[in-house]
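Colleague: quick one, what's the 3D model for this:
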Amino acid sequence: MSIRLTPYLVLNGNAREAVSFYEKALGAQVAMLQTFGETPEHPDFKLPEEAKDLITHAMIQIGEATIMFSDTFPGQPVQVGNNVTICLQTNDLDKAKQFYEALKDGGTIILPFTETFFSPGYAQLTDRFGVTFHIFTEGTSMN
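Modeller: Sure thing, here's the model as predicted:
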């Protein structure tokens, strides 16, 4: 049996922008991207015009990891919080620094990229979409 936990981010109309951002910042591959307008129409429910270009489901691959996305349906609230974070792990210190530099663009740094007692390169930041990342470099630290 195989079990996988996949972060699913629900955004407020900017899921397409987030997918594009992570594609560039993390070297992600877009595995699927579908809008509400591309889904079969329900005969009893007319899709609002403003919903047609919003993302109903998207999936990106970053190495062996997957992140899924959707926009919230118009009129449904999105609550950005700190209860879901993503730990981005690598054993390559230079790659970890590269991820940090890319993700901090337009975001807020919680803990700058630094060597810690548990990692040769670690950082925490919240990106411009309100998603908090822990960037963790595997390996032995010098501290």
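Colleague: so which residues of this protein form strands?
Modeller: Along the chain, counting by DSSP state E, strands occupy 8-11, 29-35, 55-62, 65-71, 85-90, 108-114, 122-126, 132-137.
Colleague: what residues does the third one touch?
Modeller: Contact with strand 55-62 is made by 15-16, 19, 22-23, 26-36, 38-39, 66-71, 88, as judged by C-beta atoms under 8 Å, 6 or more residues apart in numbering. Where you see a C-beta, it was placed from the backbone N, CA and C, and this is true even at glycine.
Colleague: got the buried residues for it?
Modeller: For strand 55-62, the neighbour count (16 or more other C-beta atoms under 10 Å) marks 55-60, 62 as buried.
Colleague: now that strand - C-alpha only, PDB.
Modeller: This file holds the C-alpha atoms of strand 55-62, laid out as PDB (Å, rounded to 0.1, in the frame of the first residue of the first chain):
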ATOM      1  CA  ILE A  55      -8.900  27.300 -12.000                       C
ATOM      2  CA  THR A  56     -11.000  24.400 -10.800                       C
ATOM      3  CA  HIS A  57      -8.000  22.000 -10.500                       C
ATOM      4  CA  ALA A  58      -4.300  22.300 -11.200                       C
ATOM      5  CA  MET A  59      -1.400  20.000 -10.200                       C
ATOM      6  CA  ILE A  60       2.300  20.600 -10.300                       C
ATOM      7  CA  GLN A  61       5.200  18.200  -9.900                       C
ATOM      8  CA  ILE A  62       8.400  19.400  -8.100                       C
END
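Colleague: one step back: columns mean pLDDT and distance to Tyr100 on top of the strands of the chain, output as TSV?
Modeller: Formatted as TSV, the strands of the chain follow (pLDDT from 0 to 100; distance: least, C-beta to C-beta, whole Å):
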stretch	mean pLDDT	distance to Tyr100
strand 8-11	91	19
strand 29-35	96	21
strand 55-62	96	15
strand 65-71	93	17
strand 85-90	90	9
strand 108-114	97	4
strand 122-126	95	5
strand 132-137	93	5
